[in-house]
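Visitor: Below: sequence and its predicted model.
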Amino acid sequence: MPPPDAKPRHIAITMDGNGRWAAARGLTRVAGHKAGLATVRMCIEQCSQRGIEALTLFAFSSENWRRPAEEVSGLMTLFVEALDKEIDELHAKAVHVRFIGERRTLAVRLQARIAAAEERTRANPGLRLQVALSYGGRWDIVQAAQKLAQQCSSGALAAGEIDEERFADALSLAGLPEADLLIRTGGEQRISNFLLWEAAYAELYFTPVLWPEFALADFEAALAFYAGRERRFGASASAPARRVGA
Ligand code: FPP
């Protein structure tokens, strides 16, 4: 049996189900996203308390721009308000906050909050929190390829020197451990263009619970699922595998 405290170093979460939660209550979709903020707080708190190194939250995908304008602008306002409201608390908890995604597509006022939050928490030694905004795993791979191609055309890098490590270093999450546990709420069982590279060996935990209702017990259930997994990273069942926590 793995030790009961076997824990992931990096948790990634697709926070799905806000819209359905709101619709079931006759509320707007934006009200659902607002309700989801309480779950965000709980997960950050839990990861901080448990000494989990990194938490990456999928808050707005490259594809989410296709949503109705009202929902998109409601979400952008919510991100600005959430940052204004939460940044003191995050800083007090020594959380190191970073945003990944196509930043130039975001509203200028949001870009300003993001830059200020990153600057303020840059030296914090606690939880590494990544918020993915206007992010897509394919976008990230393409921007990494462009970066490396530029280095090749300037003569700083030879094409043959590009290996997995160098490629990973050009991605938005460079320097972080790869995702160990990917949680998706809301019942869909898809990756949906989240951490395509970094989740290559992640354990996948899908739950029908809608994000605003994802409670401490649900978070603990995801950790228990992870603690029971045997991670082989491509090795065969008979070869020495690494049981989580071993
Ligand atoms: C997906 O649910 C959720 C989103 C697109 C937004 C998630 C954002 C938050 C919870 C706010 C987080 C804020 C910060 C600062 C981290 P959905 O709308 O697709 O739900 P549905 O599948 O039920 O329609």
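Guide: Ah, there it is.
Visitor: Would you state the strands of the chain in chain order?
Guide: In the chain, the segments counted as strands under DSSP state E are 10-14, 54-61, 96-100, 128-135, 181-184, 203-206, 230-231, 242-243.
Visitor: Hey, what's the angle from the second one to strand 128-135? Just curious.
Guide: This means strand 54-61. Following axes from the mean of the first three to the mean of the last three C-alpha atoms, to 10 degrees, one obtains 20 degrees for the angle between strand 54-61 and strand 128-135.
Visitor: helices or strands up against strand 54-61?
Guide: Contacts defined by 3 or more C-beta pairs under 8 Å, 6 or more residues apart in numbering; DSSP states H and E place strand 54-61 against strand 10-14, helix 29-49, helix 69-92, strand 128-135. To be clear about C-beta, it is placed using only N, CA and C from the backbone, and glycine gets the same treatment.
Visitor: that older thread, export the strands of the chain as a markdown table, with columns for distance to residue 77 and mean neighbour count.
Guide: Output for those, formatted as a markdown table (distance: least, C-beta to C-beta, whole Å; neighbours: other C-beta atoms under 10 Å):
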| stretch | distance to residue 77 | mean neighbour count |
| --- | --- | --- |
| strand 10-14 | 22 | 26 |
| strand 54-61 | 12 | 23 |
| strand 96-100 | 16 | 21 |
| strand 128-135 | 13 | 24 |
| strand 181-184 | 25 | 24 |
| strand 203-206 | 30 | 18 |
| strand 230-231 | 41 | 14 |
| strand 242-243 | 44 | 14 |
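Visitor: what's the spacing between stretch 174-188 and its chain's center?
Guide: 6 Å (C-alpha atoms, centre = their mean, to the nearest Å).
Visitor: In that stretch, which residues are buried?
Guide: Neighbour counts over stretch 174-188 (16 or more other C-beta atoms under 10 Å) mark 176, 178-186 as buried.
Visitor: contacts with the ligand among these, please.
Guide: Among these, the ones lying near the ligand by C-beta under 6 Å from any ligand atom are residue 186.
Visitor: just how off-centre is stretch 35-47 within its chain?
Guide: For stretch 35-47 - counting by C-alpha atoms, centre = their mean - the centre lies 13 Å from the chain centre.
Visitor: Kindly give the local confidence score, pLDDT, for the nearest residue to residue 175 once chain neighbours are set aside.
Guide: Using C-beta to C-beta, 6 or more residues apart in numbering and skipping residues adjacent in sequence, the residue nearest residue 175 is residue 169, 7.8 Å away. Note for residue 169: predicted pLDDT of 98.
Visitor: Over to residue 52?
Guide: On the pLDDT scale, residue 52 gets 98.
Visitor: So it sits against residue 8, correct?
Guide: Yes: assessed by C-beta atoms under 8 Å, residue 52 is found in contact with residue 8 at 6.5 Å.
Visitor: Look at those two and report which has more neighbours.
Guide: residue 8 (27 against 20; other C-beta atoms under 10 Å).
Visitor: Taking the protein, what residue is nearest to the ligand?
Guide: For the chain and the ligand, the shortest gap (C-beta to the nearest ligand atom) falls at residue 19, measuring 2.5 Å.
Visitor: ok, and the closest non-adjacent residue to that residue?
Guide: Excluding its sequence neighbours, the residue lying closest to residue 19 (C-beta to C-beta, 6+ apart) is residue 29, at 4.6 Å.
Visitor: Quick check, that neighbour in contact with residue 20.
Guide: No: look at residue 29 against residue 20 with C-beta under 8 Å: they stay out of range, at 9.3 Å.
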